[in-house]
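With the sequence up front, the predicted model follows.
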Amino acid sequence: MVIKNAIVCDSHKNIKKDVKIENGKIIKIGNNLSDDKIIDANGLYLMPSMIDLNVRVFNDILSEKTLIKLNQNALIGGVSNILLMPDCSPAIDSEMVVEFVKAKSKVLNKVNIYPSIASLKDDKLTNISILLQKDAKAIFLKSNSSGNSIKRVFEYSQMSNTPVLCFCNDEYLSLNGVVNDGEVGFNLGLDGIPEIAESSEVAKINEIAKYIQNKIVIQNISTNRALEIIKDSNNIKSEVSIHHLILNENECKEFNTYAKIMPPLRDEKNRLKLVQKLKDGEIDLLTSLHSPKSFEDKDVAFSEAKFGINSIKYYFSLSYTYLVKNNIINLQTLSKLTSLNPAKILNLNKGLIQEGYDADLILVDLNKKVKIDEKKSLYANKQLFGKVVFNIINGKVIIDL
C-alpha cells in the first residue's frame, strides 16, 4: 500500500511525501512511489497515531462490551494505542484479567489495548513479576501507599525495565474534596482539593525516584508546583491532560458535574502557568484522561457525582483546536507529546513516520470541522477543527469511524 501526496508530519518533519507500507511496517518514504493499492491523500496530513497512557473503560467496568465501545471512540479520536488503567472491576491484578485484556484486544483487531497492572492490593504487593511476564506494559501506583511499598514497586520496575505510572494525591489532604480548593468551590459550598495534596505527594515520589533510578510517569499533573518539583529530574516524565490546559474551575459553576474530573480543574492562574510550561517544553506527555461515566452517575448532586470525562473521541480535535490553532505549540510538538514520547515510555516501535517503524498512522483533514453535539458533555456544542479521516493500524486501513 502506498499513501500518496500526503503532508507527512511527525515530531521530526513536516513535508509532502509518499509513504509505502508492507507487512505492518513503513518500508519507504519518498516521491513517486507505486503499488497495487494507492490511497490518494492530497490535502491531508499523515501523522503517527496518538498513544494515550491514561485511559479507563466506561463506568470502570471491564468487559467485552466496554472494550468494544472504547475501540470505537478511540478510532474517532485518532488513538491507536491505549494503556488501560487497572483500577477497574475486575481490577487488572491477576493473570486471568491480564490475559482477558490481551485476548479481547487481539480479537477486536483494531486499537491496540495494553494492560497496566495494579501494583498493590490493600497495601500488599500483587504478583508483579508474574504479571509482567504476561506482557503487561506498565505498573500503576498510587502515591499515598507506604514508603516501603513504593520502594519495592520501584525496585521491580528497575529490574524489569518497566515504567511506573504514578497518580499523586494525598487522600487525607483532599478528604471529601470534589472541586479545586478555590473561589468557585467556596461559592458553591463544596469541599475543595488543595494543590498541596498533589505537590506534596509528587515531592515524595521525586525523592524516592532519586534513590531508585527507574522510568516513572507522574500522571495527570494539574498544578504548576508539581511540574516545578520534577523539572530537573532525569527519570521522571510529566503527563498533563488536555482539559487542564484548556479549561479552569469556572466550568464547575452551576454545579456542572461533567466538569467533575480527577484531579480537579484548577484556577485560571494555574492553567496559564501550565500552558507556559507546555510552551517551554517542560511537559512530556498529554492524555485525554478518558474515564467515561453514565448519565445516572453524573445527573446527581455534585458531591455525589462520580469523577470522570468522556473525551477520547475528541482527543485529536481538542488538541489541534486549542493547542495548535491557538499557536501554543505546533503540529510537530503535538505529535511528540501524543505519539513519540508515549511510545518511548512503553518501548514501542511507533510514534514516527520512518522506515522500519510500525505503520500506526492517521490521516487527518485539518480544515474539516467537528461539532460536539452530545448534550451531556463538558464540551457540548463546541465546534472543533481537525477530523480524523481514517486510521491505519498495524498496517491495515480501519475505516469504520
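Here it is on my side, so go on. Keep in mind the model is a prediction, meaning the values are calculated, not measured.

Kindly state the beta-bridge partners for residue 370.
Under DSSP bridges, the beta-bridge partners of residue 370 are residue 384.

Could you report the pLDDT at it?
pLDDT, residue 370: 94.

And for residue 145?
Residue 145 is given a pLDDT of 89.

and what of the one 5 residues further on?
You'll see residue 150 listed with a pLDDT of 92.

now it, what's its secondary structure?
helix (DSSP: H, G, I helix; E, B strand; the rest coil).

Against residue 193, how distant is the closest residue to residue 261 other than its chain neighbours?
Ranked by CB to CB, 6 or more residues apart in numbering and with sequence neighbours excluded, the top spatial neighbour of residue 261 is residue 309, at 5.1 Å. (Glycine included, C-beta is placed from N, CA and C.) Applying CB to CB, to the nearest Å, the value for residue 309 to residue 193 is 16 Å.

neighbour-wise, which of those two wins?
residue 193 (27 against 24; other CB atoms under 10 Å).

burial measure for the residue lying closest to residue 179 once chain neighbours are set aside, as a count.
Closest residue to residue 179 apart from its sequence neighbours, by CB to CB, 6+ apart: residue 185 at 3.9 Å. If you count neighbours by other CB under 10 Å, residue 185 ends up with 21.

hang on, residue 185 is in a helix, isn't it?
Yes: checked against three-state DSSP, residue 185 lies within a helix.

quick one, what contacts the closest residue to residue 188 other than its chain neighbours?
Distances taken as CB to CB, 6+ apart put residue 255 closest to residue 188, at 6.5 Å, once the chain neighbours are dropped. Counting by CB atoms under 8 Å, 6 or more residues apart in numbering, residue 255 touches 188, 301, 302.

Take the residues you listed and lay them out in JSON lines including distance to residue 366.
Formatted as JSON lines, these follow (distance: CB to CB, whole Å):
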{"residue": "188", "distance to residue 366": "38"}
{"residue": "301", "distance to residue 366": "41"}
{"residue": "302", "distance to residue 366": "37"}
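
just curious, which of those residues is nearest to residue 363?
Of all the contacts of residue 255, residue 302 has the smallest distance to residue 363: 40.5 Å, by CB to CB.

just the helices in the stretch 1-150 of the chain please.
64-77, 95-108, 128-133, 147-160 (DSSP state H, counting those that start in this stretch).

Please disregard the earlier target; I meant the stretch 201-350 of the chain.
224-229, 242-246, 268-279, 295-298, 315-319, 331-335, 341-345.

right, and those helices - which one's nearest residue 159?
Closest to residue 159 of the helices of the stretch 201-350 of the chain is helix 341-345 (CB to CB; 17.5 Å).

Can you tell me how far residue 23 is from residue 363?
20 Å.

Give the residue from the two that has the larger number of neighbours.
Between residue 23 and residue 363, residue 363 has the larger neighbour count (other CB under 10 Å), namely 20 against 8.

still on that earlier bit, spit out the contact partners of the residue nearest to residue 261.
Contacts of residue 309 by CB under 8 Å, 6+ apart are 243, 258, 261, 289, 290, 291, 292, 378.

close enough to count as contact, the second one and residue 375?
Pointing back at residue 258 there. No: Residue 258 lies out of contact with residue 375 (CB atoms under 8 Å); the separation is 9.9 Å.

When those two are compared, which one has more neighbours?
residue 258 (21 against 8).

any idea how far that one is from residue 37?
43 Å.

same check, this time on residue 364
Using CB to CB, residue 364 is found at 20 Å from residue 37.

Name the residue in these two with the higher neighbour count.
With other CB under 10 Å as the criterion, residue 364 and residue 37 differ in neighbour count, and residue 364 comes out ahead with 25 against 9.

what sits up against the helix or strand hosting that one?
Element membership for residue 364, per DSSP states H and E: strand 361-371. Strand 361-371 is contacted by residues 3, 6, 19, 39, 41, 43-50, 78, 80, 314, 316-317, 320, 353, 381-392 when judged by CB under 8 Å, 6+ apart.

Pull out the buried residues from it.
Within strand 361-371, the residues scored as buried using 16 or more other CB atoms under 10 Å are 361, 362, 363, 364, 365, 366, 370.

Mind putting those residues into TSV with distance to residue 268?
Listed next are these as TSV, based on distance: CB to CB, whole Å:
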residue	distance to residue 268
361	37
362	32
363	36
364	30
365	32
366	28
370	26
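
can you name the two of those that are farthest apart?
Applying CB to CB across the buried residues of strand 361-371, the maximum distance is between 361 and 370, 19.3 Å.

for the protein, what are the low-confidence residue spans?
399-401 (pLDDT under 70).

so, if you compare the contacts of residue 309, which one comes nearest to residue 208?
Nearest to residue 208 among those, counting by CB to CB, is residue 289 at 24.7 Å.
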